[in-house]
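[1] pasting the sequence and the predicted model now:
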Amino acid sequence: MSTPETSRFVRLRVELVLEVEDPDAVTKSALGRIAGDAGMPEAERAHAEDAVTEDTAEALAYLVDPFDLVSEVPGVELQQASWSSERIDYDPDSPDWDLDEDDGGDDSDG
């Protein structure tokens with residue numbers, strides 16, 4: 001492809017599975033981030049505080065920011081980001097959690 005035909009935009013997909021060893025620390029940190037957001041309207045703040053207090057996954061969503069992942073990468077600017085978090089059943093030995101499932105290769109390649 002010639003340069004004019006090549007898009008400057010790249011979609012980077014990242015999936016993380018985190019083990020929460022101290023839910024109270026996660027919640028406390030999320031509440032601190034919410035409290036420190038001077039631009040957040042009071043009604044939104046109350047809703048956010050309730051959400052992170054009730055669900056550790058919501059607390060993580062307040063703490064993990066895609067901008068932080070790429071802000072130090074030279075030559076790129078984040079254009080759009082979305083993310084979510086949810087509680088899952090995780091078995092690291094299950095083939096359902098194969099990290100290579102989206103790479104387009106097959107296991108016979110070695």
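    Received the coordinates, thanks. Remember, predicted model here, so these are calculated numbers, not experimental data.
[2] run a quick neighbour tally on residue 37.
    Neighbourhood size, residue 37 [other C-beta atoms under 10 Å]: 13. For every residue, glycine as well, the C-beta is placed using N, CA and C.
[3] next up, the contacts around it.
    Shown in contact with residue 37 (C-beta atoms under 8 Å, 6 or more residues apart in numbering): residue 45.
[4] so what's it scoring on pLDDT?
    pLDDT for residue 37: 94.
[5] can you check the one 4 residues further on too?
    Predicted confidence (pLDDT) for residue 41: 96.
[6] burial of it, as a residue count?
    Neighbours of residue 41 (other C-beta under 10 Å): 9.
[7] what's the distance between it and residue 20?
    Computed as C-beta to C-beta, to the nearest Å, the residue 41 to residue 20 distance reads 29 Å.
[8] what does residue 6 give?
    Remark: distance between residue 6 and residue 20 (C-beta to C-beta) = 41 Å.
[9] when these two are compared, which one has more neighbours?
    Taking other C-beta under 10 Å, residue 6 and residue 20 do not tie; residue 20 has more neighbours (14 against 8).
[10] excluding its backbone neighbours, what's nearest that one?
    For residue 20, ignoring the flanking residues on the chain, the nearest one in space by C-beta to C-beta, 6 or more residues apart in numbering is residue 56 at 5.4 Å.
[11] contacting residues for that neighbour?
    20, 23, 26, 27, 87.
[12] now for these, which pair is the farthest apart?
    Pairwise distances across the contacts of residue 56 (C-beta to C-beta) peak at 14.0 Å, for the pair 27 and 87.
[13] more neighbours: those two, which one.
    The residue with more neighbours, out of residue 27 and residue 87 and counting by other C-beta under 10 Å, is residue 27; that gives 22 against 9.
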